[in-house]
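Engineer: Requesting a structural model of the entry that follows:
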Amino acid sequence: MLIVKVSGVNGLGKTNGVRNAGNVLIEEINKVERVEEIHVDNDNLDEQEKLIERNSRDLFLEEDKIIFLGGDHSISYPIGKAFFKKYPSGKLVVFDAHADCMPAMKEPTHEEWLRGLVDNFDVSGDRIMIIGLNKVEPEEKEFIEEKGIKTIKLNEVGKLKEFVFSGEVYVSFDIDIFSFDLVQATRYPEGVASLEEINALLDVVVKSNWKGMDLVEVNTDKEGLEDTVEIARGVLDKFIS
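Structural biologist: This is a model prediction of the structure:
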């Protein structure tokens, strides 16, 4: 298994604290096999996006399973494009308190990456499932319903199992899905998930034919970093073990 650090940031200046998260997380992972890094220039968003997509595409061709360490959630846009190029009938599972489906900018930020993937890359909504939504704007809700994107609650493990039963799977995990008492070192701590709920869901995902996953939005500039990294390590250990 390959672990790839991706310090990509496109959060309109609000997520710069995630740049070093990959280095911090690597130090805490129990089983580190091979580690690489996609080196990006956060001041050149167009080149950053192209570089992440190009490198991710090559890695999906070479590797069976890949873990990407962000960075903010904008990295999931180019990685997602690379995944669906490799696996056109693949499925995307997103753990996130936010929909990230606002109208996308030219280089989608961490708040629009998922909508950008659907609109710009023509990914069918029925191949996407979002888990744990807690804050959704009316415009995002309308888009989700229009495109047929699946959403489930934290206790709907059976629906997740049915969704990932067949086909290749990519998992995008935003650490802000957890409740504030568990995770504070993130820019928008608005999740409500407990450890028990997430572990039950991850136990399903890791048994699927997953090909890649990312963990994003750990902000090293925020208070509560030690506890947040511990929670993130638990998520990653599920995929590594």
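Engineer: how about the helices in the chain?
Structural biologist: In the chain, the helices defined using DSSP state H lie at 21-28, 45-62, 76-86, 113-121, 138-147, 157-163, 195-205, 225-240.
Engineer: what's the second one in contact with?
Structural biologist: This points to helix 45-62. 2, 4, 6, 8, 10, 38-42, 66, 68, 74-75, 77-79, 81-83, 85-87, 106-107, 211-212 (CB atoms under 8 Å, 6 or more residues apart in numbering). Where you see a C-beta, it was placed from the backbone N, CA and C, and this is true even at glycine.
Engineer: Pick the most buried one from the helices of the chain.
Structural biologist: Looking across the helices of the chain with neighbours counted as mean count of other CB atoms under 10 Å, the highest average goes to helix 76-86: a mean of 25.
Engineer: so what does that helix touch, helix or strand wise?
Structural biologist: Here helix 76-86 touches helix 45-62, strand 91-95, helix 113-121, strand 168-174, strand 209-216, going by 3 or more CB pairs under 8 Å, 6 or more residues apart in numbering; DSSP states H and E.
Engineer: got the angle between the second one and helix 113-121?
Structural biologist: Using axes from the mean of the first three to the mean of the last three CA atoms, to 10 degrees, the interaxial angle of strand 91-95 with respect to helix 113-121 works out to 160 degrees.
Engineer: What is strand 91-95 packed up against?
Structural biologist: helix 76-86, strand 128-131, helix 157-163, strand 168-174, helix 195-205.
Engineer: how about it: buried residues?
Structural biologist: Buried residues in strand 91-95, counted by 16 or more other CB atoms under 10 Å: 91, 92, 93, 94, 95.
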